[in-house]
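Participant: next one to model:
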Amino acid sequence: MADVSFDRTFPISLQERGRKAIRAIVGLEEAIAAQSVFCQGTIIYGKKGKSRRVPRKNPILTIDRNRLVTVLLKQLTETSSPNQVKVHFNCECTAIDVTAKTVTLKPSEEDSFTVHYDLLVGADGARSHIREYLVENAGLPCSQNYVPDAYKSVFLSRLNPSVGVELEPNKIHAWNLNQELRS
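Facilitator: Numbering: from 1, shown residues only. This is a model prediction of the structure:
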């Protein structure tokens, strides 16, 4: 299993649409739920103390991004044979041939190699090289916007009587500190 850092990460919330998609893979929703927190909504706090509630008809699963990656990788490796799926880490995608269905990968300290694929998933982040290549060379339609503000996860005790804090359970609590910083 790959070493995953939990130093700097953020939570991901899976709403009903996302949960429905993962239900297609037997056992995946349960594996994710075991590492998640069920939330019934969000409370957003403004700078002046006012709050706004965003209730959820169906509970959302909230999980740390890196923990989700670990669960997905574990589920993938435990339920697939090596003939079905091969996972390569620390590789840069240097070329894609959509006609031949091949990808050329360059590991950080080895020679490049080419692999065939049935389905190519560009899950390499917001500034995806795979998506960029597919947009430029394979006609993939794409619209991308970056959020200019900063987001920081802070884990707080729900109850802190010494300062009079009692956060409502089963909710995501979010603070808009200013235009550039959210917590």
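Participant: report the buried residues of the longest strand anywhere in the chain.
Facilitator: The longest strand of the chain (DSSP state E) is strand 51-64. Neighbour counts using 16 or more other Cβ atoms under 10 Å place R56, P59, I60, L61, T62, I63, D64 of strand 51-64 among the buried residues. The way it works is simple: take the backbone N, C-alpha and C, and place the C-beta from them, glycine included.
Participant: if you count contacts, what does the next helix or strand after it end up packed against?
Facilitator: Next in sequence after strand 51-64, counting helices and strands by DSSP states H and E, comes helix 65-79. In terms of contacts (3 or more Cβ pairs under 8 Å, 6 or more residues apart in numbering; DSSP states H and E), helix 65-79 is packed against strand 11-14, helix 28-33.
Participant: from the middle of its chain, how far away would helix 65-79 be?
Facilitator: Taking the mean of its C-alpha atoms, helix 65-79 sits 11 Å from the chain's own mean (Cα atoms, centre = their mean, to the nearest Å).
Participant: who does the longest strand of the chain pair up with?
Facilitator: The strands beside strand 51-64 in its sheet (DSSP bridges) come out as strand 11-14 (antiparallel), strand 37-45 (antiparallel).
Participant: tell me which of those sits most buried.
Facilitator: strand 11-14 (a mean of 18; mean count of other Cβ atoms under 10 Å).
Participant: hey, C-alpha coordinates of it in PDB?
Facilitator: What follows is strand 11-14, C-alpha atoms only, in PDB (Å, rounded to 0.1, in the frame of the first residue of the first chain):
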ATOM      1  CA  PRO A  11     -12.700  16.700   3.500                       C
ATOM      2  CA  ILE A  12     -14.800  15.400   0.600                       C
ATOM      3  CA  SER A  13     -18.600  15.100   1.000                       C
ATOM      4  CA  LEU A  14     -20.400  12.400  -1.000                       C
END
